[in-house]
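**Student:** Sharing a sequence plus its predicted fold:
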Amino acid sequence: MIRWQFSDSTVPETWTVPFNPNVMSSPFRKTTKESMPGAINDGRPRALSTDTPVEWTFGGVMRTQFHYDEMLRWVQKPNEVQITDHLSRTFVVLLTQLEITDVHAKNLTKWTYVTHGFVVGYL
(Lines give C-alpha, C1' and ligand atoms only; values in the text may rest on other atoms or scores of the structure.)
Protein backbone atom coordinates (compact mmCIF):
# COMPACT_ATOMS: atom_id res chain seq x y z
CA MET A 1 0.00 0.00 0.00
CA ILE A 2 1.25 3.47 -0.88
CA ARG A 3 1.27 5.77 2.15
CA TRP A 4 0.52 9.47 1.95
CA GLN A 5 3.59 11.66 2.22
CA PHE A 6 3.89 15.28 3.34
CA SER A 7 6.86 17.32 2.08
CA ASP A 8 8.12 20.77 2.98
CA SER A 9 10.59 22.22 0.50
CA THR A 10 11.45 25.19 2.70
CA VAL A 11 13.06 23.06 5.42
CA PRO A 12 13.43 20.41 3.52
CA GLU A 13 11.69 17.51 5.22
CA THR A 14 9.21 14.74 4.50
CA TRP A 15 6.87 12.70 6.65
CA THR A 16 5.03 9.51 5.68
CA VAL A 17 1.72 9.11 7.50
CA PRO A 18 1.32 5.80 9.37
CA PHE A 19 -2.37 5.46 8.38
CA ASN A 20 -3.75 6.94 5.18
CA PRO A 21 -6.84 9.12 5.41
CA ASN A 22 -10.02 7.17 4.72
CA VAL A 23 -12.18 10.09 3.52
CA MET A 24 -11.44 13.10 1.34
CA SER A 25 -13.19 15.65 -0.81
CA SER A 26 -12.10 16.23 -4.39
CA PRO A 27 -8.80 18.13 -4.60
CA PHE A 28 -9.55 19.23 -8.16
CA ARG A 29 -11.13 22.37 -9.54
CA LYS A 30 -14.71 21.99 -10.55
CA THR A 31 -15.79 23.45 -13.86
CA THR A 32 -19.17 25.07 -14.19
CA LYS A 33 -21.43 25.19 -17.21
CA GLU A 34 -22.62 28.65 -17.98
CA SER A 35 -24.62 29.80 -20.97
CA MET A 36 -22.87 32.59 -22.80
CA PRO A 37 -25.06 33.93 -25.61
CA GLY A 38 -23.33 35.30 -28.64
CA ALA A 39 -21.72 34.41 -31.92
CA ILE A 40 -18.71 32.72 -30.30
CA ASN A 41 -20.54 29.78 -28.78
CA ASP A 42 -24.06 30.20 -30.21
CA GLY A 43 -25.56 30.19 -26.69
CA ARG A 44 -24.43 26.65 -25.90
CA PRO A 45 -23.11 25.91 -22.40
CA ARG A 46 -19.39 26.47 -22.14
CA ALA A 47 -17.10 25.04 -19.44
CA LEU A 48 -15.40 27.69 -17.36
CA SER A 49 -12.77 27.22 -14.68
CA THR A 50 -11.22 29.67 -12.26
CA ASP A 51 -7.72 30.03 -10.86
CA THR A 52 -8.97 30.17 -7.29
CA PRO A 53 -7.66 27.64 -4.76
CA VAL A 54 -9.77 24.54 -4.17
CA GLU A 55 -11.07 23.91 -0.66
CA TRP A 56 -9.99 20.40 0.33
CA THR A 57 -10.69 18.21 3.32
CA PHE A 58 -9.38 14.78 4.23
CA GLY A 59 -9.57 12.76 7.40
CA GLY A 60 -9.24 9.44 9.09
CA VAL A 61 -7.96 7.79 12.23
CA MET A 62 -4.86 8.47 14.31
CA ARG A 63 -3.80 5.58 16.55
CA THR A 64 -0.57 6.88 18.04
CA GLN A 65 0.50 10.03 19.86
CA PHE A 66 3.26 10.46 17.24
CA HIS A 67 0.70 10.53 14.40
CA TYR A 68 -1.39 13.03 16.39
CA ASP A 69 1.61 15.29 17.08
CA GLU A 70 2.88 15.19 13.49
CA MET A 71 -0.51 15.97 11.97
CA LEU A 72 -0.82 18.95 14.29
CA ARG A 73 2.73 20.11 13.48
CA TRP A 74 2.19 19.92 9.71
CA VAL A 75 -1.12 21.81 9.86
CA GLN A 76 0.56 24.56 11.88
CA LYS A 77 3.22 25.17 9.23
CA PRO A 78 2.89 28.71 7.88
CA ASN A 79 3.89 27.73 4.34
CA GLU A 80 2.44 25.52 1.64
CA VAL A 81 3.30 21.81 1.78
CA GLN A 82 3.24 19.11 -0.88
CA ILE A 83 1.00 16.13 -0.20
CA THR A 84 1.39 12.98 -2.27
CA ASP A 85 -1.61 10.68 -1.97
CA HIS A 86 -2.14 6.93 -2.39
CA LEU A 87 -2.48 7.38 -6.17
CA SER A 88 0.93 9.14 -6.36
CA ARG A 89 -0.69 12.50 -7.15
CA THR A 90 1.07 15.48 -5.59
CA PHE A 91 -0.83 18.58 -4.50
CA VAL A 92 0.53 21.88 -3.22
CA VAL A 93 -1.61 22.65 -0.19
CA LEU A 94 -1.96 25.38 2.39
CA LEU A 95 -3.26 23.53 5.45
CA THR A 96 -5.53 25.67 7.63
CA GLN A 97 -7.26 23.59 10.31
CA LEU A 98 -7.22 20.22 12.06
CA GLU A 99 -10.34 18.99 13.85
CA ILE A 100 -9.61 16.16 16.28
CA THR A 101 -12.13 14.00 18.14
CA ASP A 102 -11.25 11.57 20.92
CA VAL A 103 -12.61 8.08 20.37
CA HIS A 104 -13.04 6.09 23.54
CA ALA A 105 -12.48 2.39 22.97
CA LYS A 106 -11.39 -0.49 25.19
CA ASN A 107 -7.82 0.26 26.27
CA LEU A 108 -7.11 1.90 22.90
CA THR A 109 -5.93 5.43 22.28
CA LYS A 110 -7.51 6.62 19.08
CA TRP A 111 -8.63 9.86 17.48
CA THR A 112 -10.54 10.74 14.35
CA TYR A 113 -9.58 13.87 12.45
CA VAL A 114 -10.57 16.12 9.60
CA THR A 115 -7.95 18.33 7.97
CA HIS A 116 -8.92 21.48 6.09
CA GLY A 117 -6.87 23.33 3.52
CA PHE A 118 -6.64 24.82 0.06
CA VAL A 119 -5.09 23.14 -2.97
CA VAL A 120 -3.17 25.90 -4.70
CA GLY A 121 -1.37 23.77 -7.28
CA TYR A 122 -0.54 20.35 -8.68
CA LEU A 123 2.87 18.82 -9.32
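**Tutor:** The structure has been received and is ready for your questions. Model, not experiment: these values are computed from the prediction.
**Student:** helix, strand or coil for residue 74?
**Tutor:** State at residue 74, reduced to three classes by DSSP: H, G, I helix; E, B strand; the rest coil: helix.
**Student:** Tell me the pLDDT of it.
**Tutor:** Looking at residue 74, its pLDDT reads 98.
**Student:** and if you look at residue 50?
**Tutor:** Reported pLDDT for residue 50: 49.
**Student:** And residue 54, by the same measure?
**Tutor:** 91.
**Student:** where's the residue lying closest to it once chain neighbours are set aside, which helix or strand?
**Tutor:** Computed as C-beta to C-beta, 6 or more residues apart in numbering, the closest residue to residue 54 that is not its neighbour in sequence is residue 119, at 4.3 Å. For every residue, glycine as well, the C-beta is placed using N, CA and C. Assigned by DSSP states H and E, residue 119 belongs to strand 108-122.
**Student:** do you know how far the residue nearest to residue 54 is from residue 69?
**Tutor:** Applying C-beta to C-beta, to the nearest Å, the value for residue 119 to residue 69 is 24 Å.
**Student:** ok so, going back, what pLDDT, on average, does the strand holding residue 119 get?
**Tutor:** pLDDT averaged over strand 108-122 gives 93.
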